[in-house]
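*Asks:* For reference, the sequence and a predicted model appear below.
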Amino acid sequence: MKAIPSHARQNSRALLDHVFQRYCGIELIEQEAGRCRCRLTVTPAVDNLSQSLHGGVAYAMMDVTSMLATLPLLAPDEYAVSTNIAVSILTSMPRNSVAEFEASVLRAGRTMIFTSCTAFRIGEDKTRTLFATAQISKARLRKDIRNLGVGEGS
């Protein structure tokens with residue numbers, strides 16, 4: 001496994017340390033260029049009225065995992081933003097269950113990056129049951145958007 005560039009490690013840490021990701025409780029399991037695996041336990045903070053993983057949280061965590069797969073492929077002066085996400089939820093994820101998200105980059109072009117993410121329920125016996133899939137498109141940006149000041153002219 002090839003080492004992840006320092007700028008990608010720094011951006012990955014910033015993404016995982018964001019208040020929303022911390023609140024949801026997503027954990028990085030493994031990351032390499034073009035691939036990533038994360039884990040999340042369904043808690044009352046991320047469930048819905050039926051005590052199952054909220055769909056919006058599932059979508060967001062699939063997007064985060066795909067971004068973590070993407071970051072090591074970007075140059076130090078690049079960033080990427082999601083432009084499209086298509087998610088299919090196949091079954092519910094009850095409270096206290098463990099979800100694993102696995103993302104891979106399908107194609108990294110000059111301006112667009114295409115990723116796929118699958119989500120599995122991990123049983124106590126380590127069985128894996130697919131509960132969601134996603135296809136995510138990202139636009140590759142040449143300027144780090146996080147350094148743009150609020151209120152600056154366009």
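*Replies:* Everything's here; your move. Everything quoted here is computed from the prediction, not taken from an experiment. Numbers count the residues shown, from 1 in each chain.

*Asks:* Measure how far the top helix by length along the chain is from the centre of its chain, please.
*Replies:* The residue-count maximum for a helix in the chain (DSSP state H) belongs to helix 55-70. For helix 55-70, the distance from its own C-alpha centre to the chain's C-alpha centre is 3 Å (CA atoms, centre = their mean, to the nearest Å).

*Asks:* Tell me the helix or strand right after that helix.
*Replies:* In the C-terminal direction, the helix or strand that comes right after helix 55-70 (DSSP states H and E) is strand 79-89.

*Asks:* That following strand - contacts with which helices or strands?
*Replies:* With contacts defined as 3 or more CB pairs under 8 Å, 6 or more residues apart in numbering; DSSP states H and E, strand 79-89 has these neighbours: helix 55-70, strand 128-141. In short, each C-beta sits where N, CA and C put it, glycine included.

*Asks:* redo that, cut-off 10 Å
*Replies:* Counting contacts by 3 or more CB pairs under 10 Å, 6 or more residues apart in numbering; DSSP states H and E, the secondary-structure elements packed against strand 79-89 are helix 55-70, strand 112-122, strand 128-141.

*Asks:* so where is the chain shaky, pLDDT-wise?
*Replies:* For the chain, the stretches with pLDDT under 70 are 1, 143-154.

*Asks:* Swap in 50 and give it another go.
*Replies:* For the chain, the stretches flagged by pLDDT under 50 are 148-154.

*Asks:* Perfect, that will be all.
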